[in-house]
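> after the sequence you'll find the predicted model.
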Amino acid sequence: MLSTAFVTPSLIGWYCLGNAILLAYMCFFPTDSHTDFSRQAISQSVVVLEALISLPWYLLYLYRVLEFNRCKPPSDVQRHLYNDGNSSIHSAVLDNDASHNMFEDQSDLLKYLTQHSANLQGQIKVLQKRLEESFAQTAQRVSVQ
């Protein structure tokens with residue numbers, strides 16, 4: 001599995017270090033007209049250095065995200081069989097009973113969810129009708145008064 005967890009903390013660390021150096025320089029050295037140009041040059045060079053350090057990390061992060069997105073996740077059956085402790089998915093898929101039971105369970109679950117969704121849609125329609133009737137009765141009462 002490709003990991004990108006180290007990229008963000010390392011970038012933040014480099015930015016904090018560069019900004020701390022820049023802040024320390026700005027605070028501890030006196031200001032006069034001769035040092036203004038050097039301060040500007042140093043601050044620009046710190047910003048450029050931060051960008052040069054962070055660019056490879058951003059490219060690495062982009063590469064790892066693209067590689068992750070190209071990976072195809074395993075099917076539900078393979079994931080289920082692998083999580084059951086079977087080290088070899090290929091040999092587990094050959095076991096027809098386990099995969100057949102998994103397909104039956106998925107089929108039953110889909111049927112149940114479809115029926116449940118239809119029931120909920122019917123209940124929503126009934127509640128909408130009641131709500132419309134209630135609004136109509138309220139509107140009639142207000143118009144009578």
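That came through, no problem. Owing to the predicted nature of the structure, the values given are computational and were not obtained by experimental measurement.
> residue ranges with poor pLDDT in the protein?
Along the chain, the parts satisfying pLDDT under 70 run over 1-11, 30-37, 74-75, 77-97, 145.
> go again using 80 as the cut-off
Low-confidence segments of the chain, defined by pLDDT under 80, span residues 1-19, 21-47, 50-51, 53-54, 69, 72-100, 143-145.
> can you give me the helices in it?
Under the criterion DSSP state H, the chain carries helices at the ranges 7-28, 33-70, 76-83, 89-94, 96-144.
> most tightly packed of these?
Among these, the stretch with the highest mean neighbour count (mean count of other Cβ atoms under 10 Å) is helix 76-83, at a mean of 15. To be clear about C-beta, it is placed using only N, CA and C from the backbone, and glycine gets the same treatment.
> could you measure from the residue sitting nearest the centre point of the chain over to residue 129?
Centroid check for the chain by Cα atoms, centre = their mean gives residue 65 as the closest residue, at 11.7 Å. Here the criterion is Cβ to Cβ, to the nearest Å. By it, residue 65 lies 49 Å from residue 129.
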